[in-house]
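Asker: Take a look and give me a structure for this.
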Amino acid sequence: YTKPARAEYVRATLLARDVGLAKELGLA
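Answerer: Presented below is the predicted three-dimensional model:
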């Protein structure tokens, strides 16, 4: 079950990056 875990990790990473980008754009 490493693939689902990896996919979940990647999705969480992308989501965190998008949230961080949104915060930067919101603050900028």
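
Asker: what ranges do the helices span in this protein?
Answerer: Along the chain, the segments classed as helices by DSSP state H run 2-27.

Asker: Quick one: low-confidence residue ranges for it.
Answerer: 1, 28 (pLDDT under 70).

Asker: 90 instead?
Answerer: 1-5, 27-28 (pLDDT under 90).

Asker: which residues sit in contact with residue 17?
Answerer: By C-beta atoms under 8 Å, 6 or more residues apart in numbering, the contact set of residue 17 is empty. For the C-beta atoms, the positions are set from N, CA and C on the backbone; glycine is no exception.

Asker: Could you report the distance from residue 26 to residue 20?
Answerer: 11 Å (C-beta to C-beta, to the nearest Å).

Asker: Looking at the two, which is more packed in?
Answerer: More crowded of residue 26 and residue 20, by other C-beta atoms under 10 Å: residue 20, with 10 against 7.

Asker: Measure how buried residue 3 is and give me the count.
Answerer: A total of 7 residues lie near residue 3 under the criterion other C-beta under 10 Å.

Asker: again, but for residue 27
Answerer: 6.

Asker: need the contact list for it.
Answerer: Residue 27 touches nothing, counting by C-beta under 8 Å, 6+ apart.

Asker: Distance check, it against residue 13.
Answerer: In terms of C-beta to C-beta, residue 27 sits 21 Å off from residue 13.
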